[in-house]
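1. Build me a model:
(one chain, ligands or ions: 2)
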Amino acid sequence: MKALVYHGPGEKSWEEVPDPVILKPTDAIVKIDTTTICGTDLHILKGDVPAVAPGRILGHEGVGTITEVGSAVTDLAVGDHVIISCVSACGKCDFCKKGVYSHCRADEGAPGIGWIFGHLIDGTQAELVRVPFAETSLYRVPDGVPDELAVLISDILPTGHEIGVRYGAVSPGDVVAVVGAGPVGLAAMATAGLYGPSRVIAIDTDANRVEQAKRFGATDGVVATDPDWKEQVFALTDGLGVDVAIEAVGIPRTWDMSLELVRPAGHVANVGVHGAPVSFHLEEKWIENLTVTTGLVNTDTSPMLIKLLAQGKLDVAGFVSHHFALSDILSAYDTFSRAAETKALKVILTA
Ligand code: NAD
Ligand code: ZN
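-> Numbers count the residues shown, from 1 in each chain. Ligands and ions are numbered 1, 2, ... in the order given. Purely as a prediction, here's the structure:
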């Protein structure tokens, strides 16, 4: 088969590799119908994630058709059309039982990443992929949900929902600020709406992204390069600050912004993956009764999000900005990596 193989920092190629095979009775082999590229893939390609060694097939988001199942897989069958979760979880260990699939103790992690999870497995930017623990890592695509929306369940919708909105405890009437209006921030805005906030404020340095966010649940937008960005947010909150600040960028500046925006007794939910240290001034902040959360996507809310997609209650079709053939994945990477210029949000690759 053909696959996108990582060959060390800055190097990748679309090349012939051996087909994956069933290694454990709980595995399935899935033929990729639709996949996409995530910002995390770009981090890996830059060499920011040294645990991903050259030779690894990238990609952790995908929708496909099962071509083979291991002997222990009884809930799924050849021909099933499925969403591949970005987290492979056994469903049986203490962490899985609590819904914390991202910390599953079984030794087979996330396709194409795997770095935090131990054992590395190959990813979804390929014609075929082996999925460990198929019964807990694959979800059937409901009728009427197109692949290009279903693929958003692999990673970004549960990430924005679980680590942003649910950890941030968004509640009816809350004023929510989402710092960063990339795909993950937009996923947080779109799912925040499920909990009845009074306002959702999109904050980004890119005025175009701030404007776009209003199609996905943002009621207000603030351009972070405006000198009075903070005053603009406070003017929307009776001068008190927001109830929930969701950080969806992953740099020290936006972490600081999130802490500056939140009112006493509010929540700061960090979603961004930080490559550099951030500071937290407990000597000033201890008095503010804050709740600060962070984490890795669990995917425990994927079944709920799939239902909402099927019912048409999550309007995220506009997340998709570009379409490519899977065999043209190098062009897709080029477009995605120049997002500021190309206005790429989610690029869809179809086999
Ligand atoms: P992205 O790069 O597409 O979007 C980031 C956005 O932040 C961009 O729109 C950019 O213009 C904006 N931005 C940059 N600097 C800013 C500033 N100073 N102020 C305001 N906005 C600024 O990224 P994404 O794919 O949406 O992902 C967002 C973050 O979520 C990344 O750090 C990613 O690694 C992380 N992530 C976390 C998890 C998890 O499990 N916690 C899962 C997936 C992704
Ligand atoms: Zn991802």
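2. Around ligand 2, pick out the residues from the stretch 1-150 of the chain.
-> Within the stretch 1-150 of the chain, the positions near ligand 2 by Cβ under 5 Å from the ion are Cys38, Thr40. Any C-beta I mention is one placed from the backbone N, CA and C, and that applies to glycine too.
3. which residues in the stretch 1-150 of the chain form strands?
-> Ranges of strands within the stretch 1-150 of the chain are 2-6, 12-16, 28-36, 62-69, 81-84, 128-131, 138-140, based on DSSP state E, counting those that start in this stretch.
4. What residues does the protein have near ligand 1?
-> With Cβ under 6 Å from any ligand atom as the criterion, the chain meets ligand 1 at residues 39-40, 155, 159, 163, 179-185, 203-206, 209, 224, 248-250, 253-254, 271-273, 296-297.
5. From those, keep the buried residues only.
-> By neighbour count, with 16 or more other Cβ atoms under 10 Å, the residues of the chain next to ligand 1 hold 39-40, 155, 159, 163, 179-185, 203-206, 209, 224, 248-250, 254, 271-272, 296-297 as buried.
6. Name the residue closest to the centre of the chain, please.
-> In the chain, the C-alpha nearest the mean C-alpha coordinate belongs to Ile156, at 2.5 Å (Cα atoms, centre = their mean).
7. check contacts around it.
-> Cys38, Glu61, Pro183, Val184, Ala187, Phe319, Lys346 (Cβ atoms under 8 Å, 6 or more residues apart in numbering).
8. next one: Thr294
-> Per Cβ under 8 Å, 6+ apart, neighbours of Thr294: Ile163, Tyr167, Ala269, Asn270, Val271.
9. ok, these vs Lys24, which is closest?
-> Nearest to Lys24 out of the contacts of Thr294 is Ile163 (Cβ to Cβ; 29.2 Å).
10. Wait, the closest one touches Leu296, no?
-> Yes: with contact defined as Cβ atoms under 8 Å, Ile163 counts as touching Leu296 (7.4 Å).
11. what about the residue of the chain found nearest ligand 2, neighbour count?
-> Nearest to ligand 2, among the residues of the chain, is Cys38, at 3.1 Å (Cβ to the ion). A count of neighbours around Cys38, defined by other Cβ atoms under 10 Å, yields 24.
12. Tell me which residues touch it, please.
-> Counted by Cβ under 8 Å, 6+ apart, Cys38 has contacts His60, Glu61, Asp155, Ile156, Pro183.
13. The host helix or strand of Gly185 to strand 28-36, inter-axis angle?
-> Gly185 is located in helix 183-192, with elements delineated by DSSP states H and E. In terms of direction (axes from the mean of the first three to the mean of the last three Cα atoms, to 10 degrees), helix 183-192 departs from strand 28-36 by 100 degrees.
14. export helix 183-192 as PDB, just CAs?
-> Presented in PDB, the C-alpha positions along helix 183-192 are these (Å, rounded to 0.1, in the frame of the first residue of the first chain):
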ATOM      1  CA  PRO A 183      -9.900  24.100  14.400                       C
ATOM      2  CA  VAL A 184      -9.600  23.100  18.100                       C
ATOM      3  CA  GLY A 185     -10.800  26.500  19.300                       C
ATOM      4  CA  LEU A 186     -13.700  26.500  16.900                       C
ATOM      5  CA  ALA A 187     -14.600  23.000  18.100                       C
ATOM      6  CA  ALA A 188     -14.700  24.400  21.600                       C
ATOM      7  CA  MET A 189     -17.000  27.300  20.500                       C
ATOM      8  CA  ALA A 190     -19.300  25.000  18.600                       C
ATOM      9  CA  THR A 191     -19.700  22.600  21.500                       C
ATOM     10  CA  ALA A 192     -19.900  25.400  24.200                       C
END
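15. just to revisit the earlier point, among the contacts of Cys38, which ones are in helices?
-> Ile156, Pro183 (DSSP state H).
16. quick one: Thr335 and Thr342 touch, right?
-> Yes: with contact defined as Cβ under 8 Å, Thr335 and Thr342 form a contacting pair (4.8 Å).
17. Mind listing the shared neighbours of these two?
-> His322.
18. Among these two, which residue is more densely surrounded?
-> Neighbour totals were compared for Thr335 and Thr342, and Thr335 leads with 17 against 14 (other Cβ under 10 Å).
19. Which residues are in contact with the more buried one?
-> With contact set as Cβ under 8 Å, 6+ apart, Thr335 has these partners: His322, Phe324, Thr342, Ala344, Val347.
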